[in-house]
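Asks: got a sequence here, can you build the structure:
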Amino acid sequence: LVRYSFHNFGLPFTHDDFGYFVFALDISILDNFPNYLISSIGWPLFTSLFFQIISFENLFSYMILQEHLSLWLSALTVIPVYFLSKKFLPKKFAFFASFLFVIEPRLVLNSVEGLTEPFFLILFTSALALVLSKSIKFSYIAFSLATFSTIVRPEGLIIILLISILFFYNHKSQKINFIK
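Replies: Residues are numbered from 1 along each chain as shown. Just a heads-up that it's a prediction; the model follows:
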């Protein structure tokens, strides 16, 4: 609700969000990649799935859908942030940390613009929360999410390095059989 109050839906995209939108729309119309590339294709690939499922009459409806997807992904990021906070803080403070994450003004503004940040943040925080668990299977899922975050934003390469360090630090005493 906080995020909905900060945005006027229906305004046309103007900058990077327009580039992601056009790329996603081209993918959904052509059922293939267009002849051009943009810097990061993960977010347009994700939104193009929804563009193919939901059919609208005008472009503004697709823009609003992209804004809503961005907003909901940003709101869902609270879940991995809570589990991540719970690793380092008592339960009541973890809840408060998640609340602070929800109302952080820059994240609220970025979440309603239809950009890549909300999708990147949910992938990053989920990967970080999963790699910090003691389960090796969850760590494998964390590596998958970190790989997807690289497709969404190039900074995901740093996340793969970070998750690799955390994985080997957490499981240094275990002998891991990668092929089972």
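Asks: which elements pack onto the strand or helix carrying K87?
Replies: Assessed by DSSP states H and E, K87 sits inside helix 78-88. Applying 3 or more Cβ pairs under 8 Å, 6 or more residues apart in numbering; DSSP states H and E, one finds that helix 78-88 makes contact with helix 91-103, helix 117-131. No exception for glycine: its C-beta is placed from N, CA and C like everyone else's.
Asks: what residue ranges in this protein are flagged as low confidence?
Replies: Low-confidence segments of the chain (pLDDT under 70): 1-16, 174-180.
Asks: pick out the residue nearest the middle of it.
Replies: Against the mean C-alpha coordinate of the chain, by Cα atoms, centre = their mean, the closest residue is F119 at 1.9 Å.
Asks: ok, it to F95 distance?
Replies: With distances taken as Cβ to Cβ, to the nearest Å, F119 is found 24 Å from F95.
Asks: and what of D17?
Replies: 32 Å.
Asks: the more surrounded of the two?
Replies: D17 (19 against 15; other Cβ atoms under 10 Å).
Asks: enumerate every residue touching the closest residue to L115 other than its chain neighbours.
Replies: Of all residues not flanking L115 in the chain, D17 sits nearest, at 5.4 Å (Cβ to Cβ, 6 or more residues apart in numbering). Residues counted as contacts of D17 (Cβ atoms under 8 Å, 6 or more residues apart in numbering) are Q66, E113, G114, L115.
Asks: hang on, the earlier thing: isn't the residue nearest to the centre of the chain up against L45?
Replies: No: with contact defined as Cβ atoms under 8 Å, F119 does not count as touching L45 (10.1 Å).
Asks: does Y20 really touch L115, like I thought?
Replies: Yes: if you go by Cβ under 8 Å, Y20 and L115 touch, sitting 7.1 Å apart.
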